[in-house]
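> Next comes the sequence, and after it the predicted model I'd like to discuss.
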Amino acid sequence: MDAPAWHDVSAPLAVHERRWGFDEAAAFVTEQFESFSPDMARLARRAFEGRWIEAEDRPGKRAGGFCTSFPIARQSRIFMTFAGMPANVETLAHELGHAFHHSVVEDLPPLVQHYPMSLAETASTFAELVVSEGAIRQAESPHERIALLDRRLSAATDYLMNIRARFLFETAFYREREQGQVSVARLNALMEQAQKEAYRHALSSYHPHFWASKLHFYLTGHPFYNFPYTFGFLFSHGVYARARSEGSRFASTYAALLRDTGRMTVEELARRHLGADLTRRAFWDEACAAAVAPLDDFLRLTADGMPPEERGR
Ligand SMILES: [Zn+2]
């Protein structure tokens, strides 16, 4: 088989995805949270019943999601667009993960309620994982299961390769910029070099103009708007691997870990709450293994190509 091109990496599987009603998604997310932590489920119920979420899909409203806290009122608000796709169910879980994080620090002194973005994305990705695992477990057809596994694997490719390439590019760019202006030809070269390294030279073509089209490189207040995502992705998978092996008693450890995110370094957090040393490989190897774990299932289900589409669903 030929090596895939840059654009093949994000090519859709073109399977029929299940459609969700908002109430159905709300019940599902709450139920999955409940299976891990009753406190997380309680927060989700408060959010739904208190109408904290503006999710209407209407003309002119963009896709995506956002969550912010109101520390004095001890509430959060979520602004998102729910169009009934599995991705929207994940966004709902993601934003509620942020809201849960806000809720576990809300009674702390204001100065330790602020945590870095890398740890904010840990709470949201963790909540997404809880819901995604539940959805995969309960998938009603091989197609639905394949689509859900594909979403997880695409996320792993994004965070570990695409976003890593952005980090490598930005690192190289800042180094050259110290010496003077960086030409377009040079930017293209640095971009392609970064992509080749991050994708381990596995693609047949790359995207040298990626630096021109990606908004994040132009957020001057947030240089390296890529590292926190990959870090949060991997750290949350490491935490999730722990949650899986420890079961429901991990819920209180998880809340205690989130509570300390504004007053400890991440190395201290991991040492205190997970007994893990983040300066060593072992934790990260476990996190990577968790991130690519859906691969076996995906390959098994697609070994003979895509199974035939079911009728009557
Ligand atoms: Zn987020």
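Okay, I see it.

> mean confidence score for stretch 208-220?
Averaged across stretch 208-220, pLDDT comes to 94.

> What of stretch 37-48?
Summarised as a single mean, pLDDT over stretch 37-48 is 97.

> Just want the phi and psi numbers for the residue nearest to residue 61 when sequence neighbours are not counted.
Of all residues not flanking residue 61 in the chain, residue 81 sits nearest, at 5.4 Å (C-beta to C-beta, 6 or more residues apart in numbering). For glycine as for every other residue, the C-beta is placed from the backbone atoms N, C-alpha and C. Main-chain torsions, residue 81, degrees, to the nearest 10: phi -120, psi 120.

> Same check on residue 305?
phi 80, psi -170.

> per-domain residue ranges of this structure.
As recorded under automatic domain parsing, the domains making up the chain are 22-140, 144-224, 228-301.

> Residue 1: which of these is closest?
domain 144-224 (10.8 Å; C-beta to C-beta).

> Endpoint to endpoint, that closest one covers what distance?
For domain 144-224, the first and last residues are 35 Å from each other (C-alpha to C-alpha, to the nearest Å).

> quick one: which helix or strand includes residue 126?
Assigned by DSSP states H and E, residue 126 belongs to helix 117-137.

> Could you tell me which other helices and strands the helix or strand that that helix is followed by packs against?
Next helix or strand after helix 117-137 toward the C-terminus (DSSP H and E): helix 142-157. Helix 142-157 sits against helix 86-105, helix 117-137, helix 281-292, helix 294-301, with contacts defined as 3 or more C-beta pairs under 8 Å, 6 or more residues apart in numbering; DSSP states H and E.

> who's in contact with helix 142-157?
9-10, 13, 15-18, 86-87, 90, 132, 135-136, 139, 233, 291-292, 294-295, 297-298, 301-302, 306-307, 309-310 (C-beta atoms under 8 Å, 6 or more residues apart in numbering).

> quick one, that helix and helix 86-105 angle?
Using axes from the mean of the first three to the mean of the last three C-alpha atoms, to 10 degrees, the inter-axis angle of helix 142-157 relative to helix 86-105 is 60 degrees.
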